[in-house]
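Q: sequence and predicted structure are below.
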Amino acid sequence: MNAAHLASPLVFVAGPLRSGSTLMTLMLDRHSCLKNPGEFDFLFDAFGVDGGLAAAQAMSSERLDDFYSDDRGYLSSEKRLGPAAPVPQRLRELVNRYAEGVPCLALSVHRNFVSAHEIFPQARFIHLLRDARDCAKSAVAACFAGNVFHGLEPWVDSEESWDRLRPRLTSEQFIEVRYEELVAEPERVLTDICKFLGLQYEPQMLDLSSTTYEPPSPRFANQWRRGMSARDISLVEARVGSMMAARGYELVSKGPRRVSYWTRWMLKLQNSASRHRNGLRTYGVSNWTQDVIARHLGLRGLVRAARLKMYPIKAKTLK
């Protein structure tokens with residue numbers, strides 16, 4: 001088998017954290033010809049920010065194994081890497097094990113889209129886009145950040161990665177899906193996605209009764225309009241207003257279009273304090289303190305030990 005060959009067509013669901021990617025995963029996985037086993041950022045995180053095929057080729061199998069030894073995404077996945085081989089080959093063989101017997105495999109990723117494209121050049125992309133204000137608000141609600149300014153970081157990382165990849169794709173290689181349209185007109189949007197994948201829409205894609213998720217509803221969109229302060233809106237638009245406008249989102253704030261050094265410093269301090277407070281509450285004093293001190297001192301073994309205890313706790317809090 002050619003190292004780049006996959007057993008089934010592959011599509012990446014590419015969008016920021018808190019953009020509706022889990023909802024998309026659940027709906028795609030309900031299709032009889034699709035399998036979406038969840039988030040696969042671990043495939044590419046070891047290679048740095050869009051390090052791509054060159055970084056994967058330069059990495060040894062031993063170093064990849066070490067990276068995965070305490071990576072939550074990899075450890076919570078169903079399958080494991082095969083024996084030592086060139087790293088791109090090992091990743092393709094791993095994905096092939098998920099693709100066996102599946103007409104079409106979908107994997108969700110939030111970043112490093114250039115790496116995904118270079119290592120899996122035949123893959124297509126569903127670009128899932130959501131209003132940055134809603135993503136930031138949701139990140140704070142999920143305790144991923146202490147304020148909306150820092151809650152934007154996953155959105156920025158994801159959209160900057162997409163901007164690097166987009167010029168390299170043909171129109172047949174990607175489809176753009178707005179979360180706001182997905183929840184307002186789910187059948188139409190899912191029909192468009194199925195057509196892009198060469199499939200027929202199936203009504204059971206909207207049956208989420210066996211999950212913890214509610215069916216898509218227009219009320220899930222534009223939540224920032226109902227529960228976000230004018231200051232927070234101003235902070236978001238000051239940081240990513242140009243990116244939002246380029247993506248067709250209306251800017252509404254009358255506040256300043258830049259954030260002062262003093263404000264940035266205070267937001268960083270607030271975010272750090274909130275992160276530690278949430279870490280202590282979620283993981284307990286012993287686990288969190290061990291992780292923080294071990295990372296500060298560069299003690300990889302202690303970091304690994306702490307995180308292996310923390311991951312099962314984290315899994316219970318995720319939706």
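A: It's in. Note that this is a predicted model, so its numbers are computed, not measured.
Q: I'd like the next helix or strand past the biggest helix by length in the chain.
A: When the chain is scanned for its longest helix (criterion: DSSP state H), the result is helix 261-283. For helix 261-283, the following helix or strand on the C-terminal side (DSSP states H and E) is helix 285-297.
Q: who touches the helix or strand bottoming out on mean pLDDT in the chain?
A: Least confident helix or strand, the chain: helix 300-317 with a mean of 84, by mean pLDDT, DSSP states H and E. Residues outside helix 300-317 that contact it (C-beta atoms under 8 Å, 6 or more residues apart in numbering): 69-70, 72, 75-76, 282-283, 287-288, 290-291, 293-295. C-beta coordinates here come from the backbone N, C-alpha and C atoms, glycine included.
Q: give me that answer again for 7 Å
A: Here helix 300-317 makes contact (C-beta atoms under 7 Å, 6 or more residues apart in numbering) with S69, D70, R72, L75, S76, T282, Y283, N287, Q290, D291, A294, R295.
Q: can you redo those as a markdown table with distance to G151 and pLDDT?
A: Formatted as a markdown table, those follow (distance: C-beta to C-beta, whole Å; pLDDT from 0 to 100):
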| residue | distance to G151 | pLDDT |
| --- | --- | --- |
| S69 | 30 | 88 |
| D70 | 25 | 86 |
| R72 | 20 | 87 |
| L75 | 26 | 88 |
| S76 | 23 | 86 |
| T282 | 17 | 91 |
| Y283 | 20 | 92 |
| N287 | 24 | 91 |
| Q290 | 26 | 91 |
| D291 | 21 | 89 |
| A294 | 26 | 89 |
| R295 | 22 | 88 |
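Q: what angle separates the least confident helix or strand of the chain from helix 285-297?
A: 130 degrees (axes from the mean of the first three to the mean of the last three C-alpha atoms, to 10 degrees).
Q: in helix 300-317, which residues are buried?
A: Within helix 300-317, the residues scored as buried using 16 or more other C-beta atoms under 10 Å are V303, R304, A305, A306, R307, M310, Y311.
Q: how far away is the third one from F42?
A: Summarising the geometry, the distance separating A305 from F42, computed by C-beta to C-beta, to the nearest Å, is 19 Å.
Q: what do you get for the last one?
A: For Y311, the distance to F42 (C-beta to C-beta) stands at 12 Å.
Q: same question, E93
A: 15 Å.
Q: what does M266 give?
A: On the measure of C-beta to C-beta, M266 and F42 end up 34 Å apart.
Q: ok, now L267?
A: Distance from L267 to F42, by C-beta to C-beta: 29 Å.
Q: so F125 lies in a strand, does it not?
A: Yes - assigned with DSSP: H, G, I helix; E, B strand; the rest coil, F125 falls within a strand.
Q: quick one, strands of the stretch 101-250 of the chain?
A: With strands called from DSSP state E, counting those that start in this stretch, the stretch 101-250 of the chain shows them at 104-109, 124-129, 174-178.
Q: state the distance from P167 to G101.
A: In terms of C-beta to C-beta, P167 sits 35 Å off from G101.
Q: and P16, backbone torsions?
A: phi -70, psi 160 (degrees, to the nearest 10).
Q: for it, give me its contacts.
A: H110, R130, C135, P154, W155, S158, E159.
Q: contacts only, for the nearest residue in space to the fourth one that is not next to it in sequence.
A: Just to be clear, that refers to P154. Using C-beta to C-beta, 6 or more residues apart in numbering and skipping residues adjacent in sequence, the residue nearest P154 is L17, 4.0 Å away. L17 sits next to H110, A139, P154 when contact means C-beta under 7 Å, 6+ apart.
Q: try 8 Å
A: Counting by C-beta under 8 Å, 6+ apart, L17 has contacts H110, C135, A139, F144, P154, W155, S158.
Q: of the residues you listed, which is the nearest to R63?
A: H110 (22.8 Å; C-beta to C-beta).
Q: how much space between that closest one and L199?
A: 24 Å.
Q: same drill for these two, tell me which one is more crowded.
A: H110 (23 against 16; other C-beta atoms under 10 Å).
Q: M266 and F42: who's more crowded?
A: Between M266 and F42, F42 has the larger neighbour count (other C-beta under 10 Å), namely 19 against 13.
Q: brilliant, that's me finished.
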